[in-house]
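# When you get a sec, could you give me coordinates for this:
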Amino acid sequence: MLGLIAVLLLLAAYNLTWSVLHSTRLLARDDNPRLVFASQRIQRGEILDRNRVPIATTTFSNGLFFREYPIAGTAAITGYSSFNYGTSGLENTFDTLLTSADLQDEQTLLWQREVLYQPQVGRAIRTTIDAELQAALAETAISSGLVVDRMSGDLLAIVSNPSYDANTLDQDWEQITADDQGALVNRSMQMAYPAGEMLDLLLELNRINLTKDGSFLPSKAQFLNFLGELGVFRVQTLEVEHASAHIEPMQAELERMDLVAWHGQSIKLTPLQIVTIMRTVSNQGVRRDVRLILETQADTVNEWVPYRFEPNELVVLPRSVVNTFRERYLANEGTSVIQVSVESVVEGQQITWVSGETQNRELIWIVVEETEQSTNIAAAIAVIEAFSSKK
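Numbers count the residues shown, from 1 in each chain. Predicted coordinates:
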C-alpha cells in the first residue's frame, strides 16, 4: 500500500510539473494539436483590395473556420495562413489584428472559446491593391511585376511567378518547397536583378544636376550620395518582407568602381527599388515611399481607422534638372514617356526587365521575365496600359 501511494505521489508530482511549471512551453510547441484546433476556431478578418473586394476571407464548415483566397495570383500579397505551416505575407504581419488577439488576454479568449463557445472574431485590413489589375497581370505569367500609382504611391499590383495556390498549400507543401524556382519567394520584393542601363541613366542624371550640359563627371562620393538620396541603399518600410541583403555588397561594389569605365552590370536592384527610382524621376525629383495598406478595422468591426503611413518625402533633384533630363532622354527615344529596358545573363539564365510610365503618366510599373518569353513582357505592359486608360 505504501508503495502504491508513493507511485501515485510521483505520478501526481510528474503531472503537476508538466501541467504547471512547463505548461507555457508545452502550449507553445509547434506540434501541439490544441494550437491547431484552436486556430480552426478563429474567424480571421478579411484582407480586402482598395475597392473592398475580398482577396482573403474565412468560411465556416463543420464547426470549424477555414481560410480561402478567392482571387488567383494574390499569394505574393496575402501570403498564407496554414494550420500546419503558420503564416506569411500580410497574414503574418497582421496576424494579431486578423485574429483580434491584440484586444484580449489569453485567459479571456480561452473562456470565450472553451466555456461560452463564442468564436474569436478578427478584424479586416484594406490594402491598396486593385484585384482586377492584380488578377490580369498575374495571368500574363510574368516572373515579377509591380504597378504603382505615381501620385499616391499606392501599390496596385504585386506579381511573382512561379507562385502557389494558398487554398491548397497544405496538400501541395512538399511540391512547393521542393521547387528549385522558389515559389515561396516574392520576386518583386526579394529578388535583386542587374541594374545595367538604369545606373548609367542615374549617372547621367547626376551629371546634369552638377552641370547643365552634363560635361562634369561626378566624384565617387557625389554619386554615392546621390544614389543614397534616391533610396538605393535604403530599405523602405513595407508590410511584406522585402530584400535587403544585397544592399551592403552593392554599396561596397560601388565604392570600388571606376566611374569612367563602369557600366553598372554588377549592380543589382529589386523591382521595388527600381520602381521607386522611376517614380522619383517621374515626380519631378521628389522621392516618396510606396504604401500597401489603406486602413484597418478598429476595435469594433463597424469602424475603420486610416493606417499610419509615412511617405518619407525627400526632394532629390530640382524640377529643372529633371525636365532637362526628360527632354534629352525623350528626344532620343521619340516617345512621351520614360522607359528603361535591361537585358542580362545571370548564371546562364537570361533576365529581362522593363520599367516605365504609362502613356497618361499616372502609373509607374516594372515587369521582369526570367526566361526568353518576351511575349510575357509585351502582354504585361498591354494589361497595365489598358488598366491605366480606364482610370
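# Which residues does Glu343 form beta bridges with?
Under the criterion DSSP bridges, Glu343 forms beta bridges with Thr352.
# Could you tell me how many residues sit around it?
14 (other C-beta atoms under 10 Å). To be clear about C-beta, it is placed using only N, CA and C from the backbone, and glycine gets the same treatment.
# List the contacts of the nearest residue in space to Arg187 that is not next to it in sequence.
Nearest non-adjacent residue to Arg187, counting by C-beta to C-beta, 6 or more residues apart in numbering: Ser144, 3.7 Å away. By C-beta atoms under 8 Å, 6 or more residues apart in numbering, the contact list for Ser144 reads Val159, Ser160, Asn161, Arg187, Ser188, Met191, Pro271, Val367, Val368.
# which of these tops the neighbour count?
Neighbour tally across the contacts of Ser144 (other C-beta under 10 Å): the maximum, 32 neighbours, falls on Val159.
# Now do the helices in the stretch 1-150 of the chain.
2-16, 23-28, 33-39, 75-78, 89-93, 95-99, 106-114, 131-139 (DSSP state H, counting those that start in this stretch).
# Can you classify Phe223 as helix, strand or coil?
With DSSP: H, G, I helix; E, B strand; the rest coil as the basis, the three-state label of Phe223 is helix.
# likewise Asp289?
What three-state DSSP gives for Asp289 is coil.
# Hmm, it is touching Arg234, no?
No: Asp289 is beyond contact range of Arg234, at 9.2 Å (criterion: C-beta atoms under 8 Å).
# Tell me the pLDDT of the residue of the chain positioned farthest from its centre.
Ranked by distance from the centre of the chain (C-alpha atoms, centre = their mean), the top residue is Met1, with 66.7 Å. pLDDT recorded at Met1 is 89.
# need the longest helix for the protein.
helix 374-390 (DSSP state H).
# helices or strands next to it in the packing?
Here helix 374-390 touches helix 131-139, strand 144-149, strand 349-357, strand 363-369, going by 3 or more C-beta pairs under 8 Å, 6 or more residues apart in numbering; DSSP states H and E.
# OK, contacts around the nearest residue to Glu313 once chain neighbours are set aside?
Among residues not flanking Glu313 along the chain, Arg288 sits closest, at 5.1 Å (C-beta to C-beta, 6+ apart). Going by C-beta under 8 Å, 6+ apart, Arg288 touches Gly153, Arg279, Thr280, Pro311, Asn312, Glu313.
# Contacts only, for the fourth one.
Which is Pro311. Contacts for Pro311 (C-beta under 8 Å, 6+ apart) come out as Gly153, Arg288, Asp289, Arg291.
# Output the residues you listed in TSV; the columns should cover distance to Ser374 and pLDDT.
Formatted as TSV, those follow (distance: C-beta to C-beta, whole Å; pLDDT from 0 to 100):
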residue	distance to Ser374	pLDDT
Gly153	29	95
Arg288	32	95
Asp289	31	95
Arg291	32	96
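# Reformat those residues into TSV and put distance to Ile42 next to each item.
Converted to TSV, the contacts of Pro311 look like this (distance: C-beta to C-beta, whole Å):
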residue	distance to Ile42
Gly153	33
Arg288	36
Asp289	32
Arg291	28
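# most centrally placed residue in this structure?
Central residue of the chain (C-alpha atoms, centre = their mean): Val240, at 4.1 Å.
# Tell me if I'm right that Trp173 and Tyr85 touch.
Yes: here Trp173 lies in contact with Tyr85, judged by C-beta under 8 Å, at a distance of 6.2 Å.
# I'd assumed Gly285 was in contact with Leu314.
No: counting by C-beta under 8 Å, Gly285 is not a contact partner of Leu314; they are 9.5 Å apart.
# of those two, who's got more company?
Ranked by neighbour count (other C-beta under 10 Å), Leu314 and Gly285 place Gly285 first, with 22 against 14.
# Confirm for me that the more buried one is in contact with Thr324.
No: with contacts counted by C-beta under 8 Å, Gly285 stays clear of Thr324, the gap being 11.1 Å.
# Output the lowest mean pLDDT helix or strand found in this protein.
In the chain, no helix or strand scores lower on mean pLDDT, DSSP states H and E than helix 33-39, which sits at a mean of 52.
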